[in-house]
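1. heads up, no residue letters with this:
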């Protein structure tokens, strides 16, 4: 299984990034291959000028096309998800998330921003034809403490449990995801099948 994880924060130090890292580690421990992209690593000119032919954008699109699922994490600003993330998602082809499972993750200053996942991020994922967009996770800033020195970042117990539950659901959804039939493979199966009456 291949999962593409996408970080929408423009900052190196990011609470949504902490949740994305935790998700990546959890999935990798279960044998899932995870490739991570951060919006801040894309050249600003490629995003602002919608350069579909940019090597980094093409590489991103190719891996999304191969992926079984996506984990998308973003901070919430002004009651919506990060603009740089929206710009990156706009560079995906129209049906880029078809046959894919998506787990959205968002962090914000208070629970007042919780609905940004449902009313801002999920409609964009739906427009890209995501097969299944899970309920997702919202964490307010007080639930994520940055690590200092060698001490790792800490999550509030309730958030840790929600993240764990959501990742279990995501992993199960990936496993049951229907695989598209490769063109020509169905004909081959029918020709080689044994028929009895």
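-> In hand now; what should we look at? For clarity, every value in this text was computed on a predicted model and none was experimentally measured. Numbers count the residues shown, from 1 in each chain.

2. quick one, helices of the chain?
-> The residue ranges that make up the helices of the chain, judged by DSSP state H, are 15-29, 44-48, 55-66, 83-90, 116, 122-127, 157-176, 185-192.

3. and those, which is most packed in?
-> Among the helices of the chain, the stretch with the highest mean neighbour count (mean count of other C-beta atoms under 10 Å) is helix 116, at a mean of 22. For every residue, glycine as well, the C-beta is placed using N, CA and C.

4. Not counting its neighbours along the chain, what's nearest residue 13?
-> Sequence neighbours aside, residue 146 is the residue nearest to residue 13 in space, at 6.4 Å (criterion: C-beta to C-beta, 6 or more residues apart in numbering).

5. Please look at residue 116 and residue 107 and confirm they touch.
-> No. In this structure residue 116 lies outside contact range of residue 107 using C-beta atoms under 8 Å: 10.1 Å.

6. So what does the residue nearest to residue 13 look like in phi/psi?
-> When read as degrees, to the nearest 10, the backbone of residue 146 gives phi -60, psi 150.

7. Once you drop chain neighbours, what's closest to the residue nearest the centre of the chain?
-> Averaging the C-alpha coordinates of the chain gives a centre point, and the residue nearest to it by C-alpha atoms, centre = their mean is residue 71 (2.0 Å). Closest residue to residue 71 in three dimensions, ignoring its sequence neighbours and counting by C-beta to C-beta, 6+ apart: residue 5, at 4.3 Å.

8. quick one: that neighbour and residue 34, what's the gap?
-> Counting by C-beta to C-beta, to the nearest Å, the gap between residue 5 and residue 34 amounts to 6 Å.

9. The two: which is more packed in?
-> residue 5 (22 against 19; other C-beta atoms under 10 Å).

10. Enumerate every residue touching the nearest residue to residue 47 once chain neighbours are set aside.
-> Spatial nearest neighbour of residue 47, chain neighbours left out: residue 87 (4.5 Å); criterion: C-beta to C-beta, 6+ apart. For residue 87, the contacting residues are 39, 47, 48, 50, by C-beta atoms under 8 Å, 6 or more residues apart in numbering.

11. redo that, cut-off 10 Å
-> Applying C-beta atoms under 10 Å, 6 or more residues apart in numbering to residue 87 gives the contacts 8, 39, 42, 44, 46, 47, 48, 50.

12. And for residue 142?
-> With contacts taken as C-beta under 10 Å, 6+ apart, residue 142 has the following neighbours: 15, 109, 110, 111, 156, 159.
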